[in-house]
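Visitor: I would like the atomic coordinates for the input below:
(chains A and B)
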Amino acid sequence: MNNDKIFKALIWREFIEGKRLLLMIIFPAICIMFVPFISIYSIFNSLTDIEITTNNTINSLKSFYAVNQMFFIALMIIPFISISFFARMFVERNEKTIAVLMAMQIKPQTLWKAKVFMASCFSGAVYIVCCVIYIAGINVGFGVSMNFSIRDALGVFVVSPIVGFTLAVFIALLHWVVKNSELITILAMAISVCGIWSLSSKLQNMVITFPVIAIVLLVSIAVFLICVKIVSKIPNEYTANL
Amino acid sequence: MLNVINLKKKFKENVVLNDVSINIKRGEIVAYLGSNGAGKTTTIKCICGLNTPTGGRVELNNNTIGVVFDENGLYPLLTAYQNLLFFAKLSENKSQEINIEEMLRIVGLEDVMYKRVKNFSKGMKRRVALARVLVWNPQILILDEPFDGLDVSSNNYMINFLKNWVKERNRCIMFSSHNMGEIENFCDRVIVLNDGKIIEDDSVCGLMRKNILGTEVCVRHDSDLIKSMEILESLTNCNNIQSNGNCIFIPHRQAYNKEIHDLFVKNNISFDELSIRYSSLEDIYIELTSGKGDKHEQ
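Guide: The predicted model follows:
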């Protein structure tokens, strides 16, 4: 069978389903965007005169915190949207659609990769929209214009989404290999919203440097590759009989 | 076309399949029967590559497989048309895409083809599942209770459609059902599985012939019933011949129709009907799977 053709067909199907799914989850995704706004509001209110030195104008300090918050938006939004896609695997397994495709000699790894690919595309698109909403909200709501250094832009628009995708891929792996995938969905959603928010408030003062970005990027890529490798090693029988 | 050779499957210490061998030729529709837990689904999963056999092998000879499981294998968020289009896109044969509307018309869903499958009834989903597998156009079609949930007319229509599909395209079907009427109408051959072993593999006619209940003859009103019974007793050495009105039944598992015809003609006994009564497929199946079927194993 032609693997490209199969992958294209799978992507087509995931896209159609994804559009429908997105309509269902777009509202909760927008609600999640309140989290960084609430967080940044409390940070701005807690700024004291001591922090505003001669070198740090109020605007640059606010911009620093606002940009720092953005590192964590990807970690909330991308796994949240992706999990909604991966949770479909549970339905597909119960409906035997995975078994039907495997009977047609389609590799389960191809099904998994197609789902990860489309989940990444959709969550990436939603992330971009959320970034726009956040930047506009900070600008209009708080009157702060955000300044991005190269390091910030690299972190916010490249590394942070990659970390988010890796988290999502790890969750996709769990959905693929663990029987009780509903539990994973609930846990992952709770972690992605509460955990990341709490992390962001603890790390709000941390200056995210290039070495940190590089280490996080390398760890994410390593975890991503390990997940892909594990999926390729899972026997068909295990997948079919979950 | 499909060759299963000495298939064995163990789950830990539990032997589910024990030397199962099946050969299905082109143009054949084979019923694969067995009680719950007999190993039918495991065999199907081994054939489809979803289970790895502990022993033996499955030869598909480069033929493609399409399967309809007891669950429909549909995507509930997609419409009926999109479900079929997806399988057409997976198919090697591009021209199949054109046939989607035709296929949905065949299964009687042309009016709801653009509605989402999640809103369909059980029978409608079953029809989409059948249409979906036909769009894929496999050489070997495996159907697990495919007509479950279909109404009588749809059931008959699908049986005839699939029979023609097999003959016209020279394909084969392996079919599992608990409805013996369906099997009698639909299948050429019956394979019965019990406790992981095949205990019967014969054509439907062959199976019936092996399971004769007896011979029945209905003599005319003006004929001598007593004389008729005496003739039949002496012919069959059977002392429990039963009569009901003008009809006489010889409960011997042997066909006596030719001998009775000749003897009655010779003795000027007129009769209206002379027939052999067979066990129903259901009775045969129950007899086989309740342990009395060992006689067929040799």
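Visitor: Can you identify each of the helices in the chain by residue range?
Guide: Assuming you mean chain A. Using DSSP state H, the helices found in chain A span residues A:3-32, A:34-46, A:58-86, A:88-94, A:97-103, A:108-142, A:150-154, A:160-177, A:181-190, A:196-202, A:210-233, A:236-240.
Visitor: wait, I meant chain B there
Guide: Under DSSP H, chain B gives helices at B:40-48, B:80-90, B:100-106, B:122-136, B:152-169, B:180-186, B:204-209, B:225-236, B:257-266, B:281-289.
Visitor: neighbours around residue 91, how many?
Guide: I went with chain A, as the question did not name one. Neighbours of A:Val91 under the rule other Cβ atoms under 10 Å in any protein chain shown: 14. C-beta here means a position set from N, CA and C on the backbone, and glycine is covered the same way.
Visitor: oops, I was thinking of chain B
Guide: Per other Cβ under 10 Å, the neighbour tally for B:Ser91 reads 21.
Visitor: can I assume it is in contact with B:Val133?
Guide: No. The criterion here is Cβ atoms under 8 Å, and B:Ser91 misses it with B:Val133 at 10.9 Å.
Visitor: what's in contact with stretch A:113-131?
Guide: A:7, A:10-11, A:14-15, A:18, A:22, A:26, A:29, A:33, A:70, A:73-74, A:77-82, A:85-86, A:88-89, A:156-157, A:161, A:164-165, A:168-169, A:172, A:228, A:231 (Cβ atoms under 8 Å, 6 or more residues apart in numbering or on different chains).
Visitor: my bad, should have said stretch A:149-160
Guide: Applying Cβ under 8 Å, 6+ apart, the contact partners of stretch A:149-160 are A:67, A:70-75, A:131, A:148, A:208-210, A:213, A:216-217, A:220.
Visitor: got the CA positions of that stretch in CSV?
Guide: Below are the C-alpha coordinates for stretch A:149-160, written out as CSV (Å, rounded to 0.1, in the frame of the first residue of the first chain):
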residue,chain,number,x,y,z
SER,A,149,14.2,40.3,22.4
ILE,A,150,15.5,37.6,20.1
ARG,A,151,15.8,35.3,23.1
ASP,A,152,12.2,36.1,24.1
ALA,A,153,10.9,35.5,20.6
LEU,A,154,12.8,32.3,20.3
GLY,A,155,11.5,31.1,23.6
VAL,A,156,7.9,32.1,23.2
PHE,A,157,7.4,31.2,19.5
VAL,A,158,9.7,28.3,19.0
VAL,A,159,10.9,26.6,22.2
SER,A,160,7.8,26.9,24.3
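Visitor: Buried residues, that stretch. List them.
Guide: By neighbour count on 16 or more other Cβ atoms under 10 Å in any protein chain shown, the buried set for stretch A:149-160 is A:151-152, A:154-156, A:159-160.
Visitor: Next: stretch B:21-36.
Guide: Residues B:22, B:24, B:28-35 are the ones in stretch B:21-36 that count as buried (16+ other Cβ under 10 Å).
Visitor: what does stretch B:260-276 give?
Guide: Applying 16+ other Cβ under 10 Å to stretch B:260-276 flags B:260, B:263-264, B:269, B:271, B:274, B:276 as buried.
Visitor: Count the residues that sit near the nearest residue to B:Arg127 once chain neighbours are set aside.
Guide: Leaving aside its sequence neighbours, B:Arg127 sits nearest to B:Val107 (Cβ to Cβ, 6 or more residues apart in numbering or on different chains; 4.0 Å). Neighbours of B:Val107 under the rule other Cβ under 10 Å: 24.
Visitor: Near chain A, which residues of the stretch 1-150 of chain B are found?
Guide: Selection of the stretch 1-150 of chain B residues close to chain A by Cβ under 8 Å from any Cβ of the partner chain yields B:45, B:48-52, B:64-78, B:82, B:86, B:89-90, B:92, B:136, B:138, B:142.
Visitor: Among the residues you listed, name the ones in strands.
Guide: Counted as lying in strands by DSSP state E, out of those, are B:65-68, B:142.
Visitor: For those residues, name the two members farthest from one another.
Guide: Greatest spatial distance in those: B:Ile65 and B:Val68, 11.1 Å, computed using Cβ to Cβ.
Visitor: and for those two, which residues touch both?
Guide: B:Ile142.
Visitor: Tell me the buried residues in stretch B:243-257?
Guide: Buried, per 16+ other Cβ under 10 Å, within stretch B:243-257: B:246-250, B:252, B:256.
Visitor: Surely the residue nearest to B:Arg127 and B:Val133 touch.
Guide: No. Using Cβ under 8 Å, B:Val107 is not in contact with B:Val133, being 10.9 Å away.
Visitor: closest to A:Ser42 among the buried residues of stretch B:243-257?
Guide: Distances from A:Ser42 to those, taken by Cβ to Cβ, are shortest for B:Phe249, at 93.6 Å.
Visitor: so that closest one sits right up against B:Gln242, yeah?
Guide: Yes. Between B:Phe249 and B:Gln242 there is a contact under Cβ under 8 Å: 4.7 Å.
Visitor: List the residues that contact the residue in the stretch 101-250 of chain B positioned nearest to chain A.
Guide: In the stretch 101-250 of chain B, no residue comes nearer to chain A than B:Trp136, which is 6.7 Å away by Cβ to the nearest Cβ. Shown in contact with B:Trp136 (Cβ under 8 Å, 6+ apart): A:104, B:64, B:66, B:87-88, B:90-91, B:96.
Visitor: returning to that earlier point: including pLDDT, could the buried residues of stretch A:149-160 go into CSV?
Guide: Output for those, formatted as CSV (pLDDT from 0 to 100):
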residue, pLDDT
A:Arg151, 85
A:Asp152, 85
A:Leu154, 87
A:Gly155, 85
A:Val156, 87
A:Val159, 88
A:Ser160, 87
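Visitor: Closest one of these to chain B?
Guide: Closest to chain B, out of all of the buried residues of stretch A:149-160 and judged by Cβ to the nearest Cβ, is A:Ser160, at 30.0 Å.
Visitor: where are the low-confidence patches of chain B?
Guide: B:92-98, B:291-298 (pLDDT under 70).
Visitor: meant to ask about chain A
Guide: Using pLDDT under 70, chain A drops low at A:1, A:48-56, A:181, A:192, A:194-205, A:242.
Visitor: circling back: only whichever of the contacts of stretch A:149-160 are buried, select them in ChimeraX.
Guide: Here is the ChimeraX command that selects the buried residues among the contacts of stretch A:149-160 (16+ other Cβ under 10 Å):
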select /A:67,70,71,72,73,74,75,131,208,213,216,217,220
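Visitor: out of the contacts of stretch A:149-160, which one sits closest to chain B?
Guide: The shortest approach to chain B among the contacts of stretch A:149-160 belongs to A:Ala74, at 26.4 Å (Cβ to the nearest Cβ).
Visitor: so what's the most centrally placed residue in chain A up against?
Guide: Geometric centre of chain A, nearest residue: A:Ile78, 1.9 Å, by Cα atoms, centre = their mean. Neighbour list for A:Ile78: A:120, A:123-124, A:127, A:161, A:164-165, A:167-168 [criterion: Cβ under 8 Å, 6+ apart].
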